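**Student:** Predicted model and sequence below, questions to follow.
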Amino acid sequence: MGRATLGGFAAVFMWALLALLTDATGAVPPFLLAGLAFSAGTLVGVAYLWRSRGLRKLPDIPLAAWITGVAGLFGYHFFYFTALRNAPAVEASLIAYLWPLLIVLGSAFLPGEVLRWHHIAGALLGLAGAALIVTGGKGFAFDARFGFGYAMAGLCALTWSAYSLVSRRFASTPSSAVTGFCAATAALSFTCHLLLEETVWPSGVTEWLAVAGLGLMPVGAAFYFWDHGVKHGNIQVIGAASYAAPLLSTLVLIAAGRAEPTVTLAVACLLITGGAVLAARDLIGRLPAVADGGQS
């Protein structure tokens, strides 16, 4: 379980590159960008399957797993983009970032899982830290005029948390199945683009490299690591630690000169780090065994 949990952490670290790489893609509209990135993400899985001669495994994926995977990957992005189109970005993002907390709370209903107070407390600390990052410490205000957008953001959070929790039922389905999920998500994203957006292609080598980077890591390999992590790892710890994504993303932007360090960010860092450590208190004691190659 320890290695799988670390795999979930790896996905969170990759998602830290999402904001920087997305910004570098220029004016490419969201659904077109998702289609391009998920196409590249599909190639990540195809390359792995080709190397391991596992292409024959794809037809063996249960229909329920297909529905769960495609609904999770495409549904999350569809609801997120719709929320940003119909509500202020700060409030919509804050609602969408409820998904790690929902994963932690929802894990109480999974067979063999025990939800303890420190899992909940750690997730709440992480949520507080994420709120500081999203709002910049300036607060937020919900306006009834944007109710539809807020609802879409809520569905975004529910979709990703449900996908992550339900995936546990398909632990025997290899994570290589994400290859098919990415391919279907790319096709659906291109369809939404044709119906809802005006086409603006990436301009120049830098923007195309940013698209490729998205597909290789935060919209590619990250989903394979996440799938393995939520199926076989400590899902409460992974959920609470997921609040590190907005923090790490901000730190990446600072390192790239796209953002400035602030006191608010430092406080958020303490809250998120403290929350992750608190949620992982059971796991920390087992890390030496993991390092020695043991599994639980």
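**Tutor:** Arrived safely, thanks for sending. Numbers count the residues shown, from 1 in each chain.

**Student:** how far out from the middle of the chain is stretch 184-196?
**Tutor:** Relative to the centre of its chain, stretch 184-196 is centred 20 Å away, using C-alpha atoms, centre = their mean, to the nearest Å.

**Student:** Show me the shaky parts of the chain.
**Tutor:** 1, 53-59, 283-296 (pLDDT under 70).

**Student:** residues of stretch 81-89 that come out buried?
**Tutor:** 81-84, 86-88 (16 or more other C-beta atoms under 10 Å). Yep, even glycine has a C-beta here, placed from its N, CA and C like the rest.

**Student:** So Phe13 versus Thr199, what's the distance?
**Tutor:** Look at Phe13 and Thr199: by C-beta to C-beta, to the nearest Å, they are 32 Å apart.

**Student:** In terms of neighbours, single out the busier of these two.
**Tutor:** Phe13 (16 against 9; other C-beta atoms under 10 Å).

**Student:** Tell me the spacing between the more buried one and Met217.
**Tutor:** Phe13 is 9 Å from Met217, where distance means C-beta to C-beta.

**Student:** Also Gly112?
**Tutor:** The value you get for Gly112 to Met217, if C-beta to C-beta is used, is 31 Å.

**Student:** between the two, who's got more neighbours?
**Tutor:** Comparing Gly112 with Met217 by other C-beta under 10 Å, the one with more neighbours is Met217, at 24 against 5.

**Student:** which residues does the more buried one contact?
**Tutor:** Residues near Met217 by C-beta atoms under 8 Å, 6 or more residues apart in numbering: 14, 17, 21.

**Student:** from what I can see the first one touches Ala221, true?
**Tutor:** Translated: Met14. Yes - Met14 is within contact range of Ala221, at 6.4 Å (criterion: C-beta atoms under 8 Å).

**Student:** Filter the contacts of Met217 down to the ones in helices?
**Tutor:** 14, 21 (DSSP state H).

**Student:** Just name the closest of the contacts of Met217 to Pro246, please.
**Tutor:** Set against Pro246, the nearest of those by C-beta to C-beta is Leu17 (12.5 Å).

**Student:** mind checking how far the residue nearest to the closest one when sequence neighbours are not counted is from Ala37?
**Tutor:** Closest residue to Leu17 apart from its sequence neighbours, by C-beta to C-beta, 6 or more residues apart in numbering: Pro218 at 5.2 Å. For Pro218, the distance to Ala37 equals 8 Å [C-beta to C-beta].

**Student:** and if you look at Ala221?
**Tutor:** According to C-beta to C-beta, Ala221 and Ala37 sit 12 Å apart.

**Student:** okay, these two: which has more neighbours?
**Tutor:** Applying other C-beta under 10 Å to Ala221 and Ala37 shows that Ala37 carries more neighbours, namely 31 against 19.
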